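Student: Pasting the sequence and the predicted model now:
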Amino acid sequence: MIPRILLLTLLISTAIASSAAAANINQHWAVTFDERVRLETWDNAITLEENANSSVTYTRTRTRLGAIWSPSSNIALGLRLANEFRYCLAPTNADFNLNEVFVDHLYLRMTLPYSPLTFTIGRQDVMLGEGFIVFDGNPLDGSRSAYFNALRVDWTSQSSHRLTAFACYQEEKDNWLPIIREVNQALIEQPETGLGLYYSGKWLQRELQFYLVHISRGDNTAFPDKSRTITFGGRIEQPVVRSIDLTAVMEAGYQIGKKADADRRAYGGYGYLKYCPKWKSPRFYLPERIATGVIYLSGDKAGTDTQEGWDPMFARWPKWSEGFIYTQILEDEVAWWTNLVSFNAEAQFHLTPGADLKLTFHHLLAPQKADGLASFPGGTGNTRGELCIGKLSYKFDQHWTGHLLCEYFDPRNYYFDDADSYAWIRAELMFQY
């Protein structure tokens, strides 16, 4: 059954891409298309219980077709439709459906004549920096989409300085634009409004970013507590030793705000050193990139009237792990990055002209112990465990790419006694035009 599904999907994607390539595209029109097929399997990632019968295996197929019309160099109108459906192989009683065909992009971008200002209004992707604060507007639909309903204004100087202002509004479900075969796909738990100001530029060979981002969450039946969080922080990337390509990167933020009647005071950030060796005789077993660093996200202290737990803002996506976000479901919400410390190391290898291998290790801790009244995580210590990640990527040509991603997490005393490890595996094949 799996080979037939994969073969059918690839044949459809190739046919559509061929027709797109044959379209009459001139200087005013651009057509984009991508087809992504994934096979994912994992066990115990949500419950960490060996006997919970929670193992799943499924394919997820995402199709996106878009067009960009540029009547002049100052104006662009973009539209992209998308669909992602899953076919569940285990458990076998899961219902199959083709899910929705929805509007993933619909925006107008306009640069004012003789001005450094660019306006983008509508449904669009927004990623600021490494995505520590702003990247994904729809965490509950996985990698199906990441768009924001937003107004974005960019001021760019000729000296590589940019100031970005944005405002967005996200609803629990997509109620703004037409949907084909609507299935009421959940996007977020609570309606969210965001405002942000983000600067990026270079000063004396340093890459600097500073930001001020506000998020306000409304209430509903399932989540009766309103909240608002303001994060101000920055990021710096500084060459340490240029002759050996050693660079330091650090980003940190501080948060204030309220959740229900409690004040929020939280902080978080990350830092790492990255080194790109220049081997005299490069070999596939010699890393082309080495990095080591630390991640710190504050946790909520028990017995206080203040919310000290880090609010992930608009960055609930698998930025450090694809599998670990599932363990966060019972603890908070999916991809709710908070109460976390990671001491990590990474090595990347260039095996062949088309193949790369990345190996990552995280030793995970928690600044605050688990809530003693909650059944999950249920432990009494501060050690979350060890997370090992390996990713083998291959680029076949300019259109075809693929990867194999494997993760293994071994839980420790932050979790209940006899908490079981999980394994998470994904194979991907992707065509882009």
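Tutor: Right, received. Where do you want to start? Residues are numbered from 1 along each chain as shown.
Student: which residues touch the closest residue to W176 other than its chain neighbours?
Tutor: Leaving out its chain neighbours, the residue that sits closest to W176 by C-beta to C-beta, 6 or more residues apart in numbering is N149, at 6.5 Å. Every C-beta, even on glycine, is put in place using the N, C-alpha and C of the backbone. Contacts for N149 (C-beta atoms under 8 Å, 6 or more residues apart in numbering) come out as 122-123, 137, 168-170, 176.
Student: mind running it again at 7 Å?
Tutor: Each residue near N149 by C-beta atoms under 7 Å, 6 or more residues apart in numbering is listed here: 123, 168-170, 176.
Student: Looking at those, which is nearest F284?
Tutor: R123 (42.7 Å; C-beta to C-beta).
Student: which residues are contacting whichever strand or helix holds that closest one?
Tutor: Counting by DSSP states H and E, the element that carries R123 is strand 117-124. Under the criterion C-beta under 7 Å, 6+ apart, residues 103, 105-111, 147-155 lie in contact with strand 117-124.
Student: Looking at those, which are in strands?
Tutor: Counting by DSSP state E, the part of the contacts of strand 117-124 found in strands is 103, 105-111, 148-155.
Student: Need the buried ones from the residues you listed selected in ChimeraX.
Tutor: Remark: buried members of the ones in strands among the contacts of strand 117-124, expressed as a ChimeraX selection using 16 or more other C-beta atoms under 10 Å:
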select :103,105,106,107,109,111,148,149,150,151,152,154
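Student: Average pLDDT for the strand holding R123, rounded please.
Tutor: Averaging pLDDT along strand 117-124 gives 97.
Student: likewise stretch 423-433?
Tutor: Here the average pLDDT along stretch 423-433 is 95.
Student: before we move on, the earlier item: which members of the contacts of N149 are classed as buried?
Tutor: 123, 168, 170.
Student: ok, the closest residue to the last one other than its chain neighbours - contacts?
Tutor: Counting by C-beta to C-beta, 6+ apart, E192 is the residue found nearest to Q170 once chain neighbours are left out, at 4.5 Å. Residues in contact with E192 (C-beta under 7 Å, 6+ apart) are 170, 215-217.
Student: Just these: which are in strands?
Tutor: Using DSSP E, the contacts of E192 in strands are 170, 215-217.
Student: now the strands: where do they sit in the stretch 101-250 of the chain?
Tutor: Ranges of strands within the stretch 101-250 of the chain are 101-111, 117-124, 148-156, 162-170, 192-203, 206-217, 227-241, 246-259, based on DSSP state E, counting those that start in this stretch.
Student: Taking their axis directions, the fifth one and strand 227-241 sit at what angle?
Tutor: Our comparison of strand 192-203 with strand 227-241, counting by axes from the mean of the first three to the mean of the last three C-alpha atoms, to 10 degrees, yields an angle of 20 degrees.
Student: coming back round to it: could I get the buried ones among the contacts of N149 as JSON lines with distance to F210?
Tutor: Formatted as JSON lines, those follow (distance: C-beta to C-beta, whole Å):
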{"residue": "R123", "distance to F210": "27"}
{"residue": "C168", "distance to F210": "20"}
{"residue": "Q170", "distance to F210": "24"}
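Student: most surrounded residue in the ones in strands among the contacts of E192?
Tutor: I215 (24 neighbours; other C-beta atoms under 10 Å).
Student: Please report how far that residue lies from G122.
Tutor: For I215, the distance to G122 equals 20 Å [C-beta to C-beta, to the nearest Å].
Student: got it, and A262?
Tutor: For A262 relative to G122 (C-beta to C-beta), the value is 36 Å.
Student: what's the answer for Y169, then?
Tutor: 12 Å.
Student: tell me the SS of the residue nearest in space to the middle of the chain?
Tutor: By C-alpha atoms, centre = their mean, the chain has its centre lying nearest to W317, at 3.2 Å. Classification of W317 by DSSP: H, G, I helix; E, B strand; the rest coil places it in coil.
Student: burial count for P282?
Tutor: For P282, using other C-beta under 10 Å, the count is 11.
Student: Need the pLDDT of it.
Tutor: pLDDT, read off for P282, is 82.
Student: Pairing partners for the nearest residue to A355 once chain neighbours are set aside in the sheet, please.
Tutor: Distances taken as C-beta to C-beta, 6+ apart place Y394 nearest to A355, at 5.0 Å, with adjacent residues excluded. Judged by DSSP bridges, the bridge partners of Y394 are A355, G402.
Student: which stretches of the chain have low pLDDT?
Tutor: 1-25 (pLDDT under 70).
Student: OK, contacts around L351?
Tutor: Per C-beta under 7 Å, 6+ apart, neighbours of L351: 284, 357.
Student: For I75, see how far away it is.
Tutor: From L351 to I75 the distance is 44 Å (C-beta to C-beta).
Student: hang on, T327 packs against A45?
Tutor: Yes: checked against C-beta atoms under 7 Å, the pair T327 and A45 is within contact range at 6.0 Å.
Student: Which of these two has more residues huddled nearby?
Tutor: Between T327 and A45, counted using other C-beta under 10 Å, the more crowded position is T327 (26 against 23).
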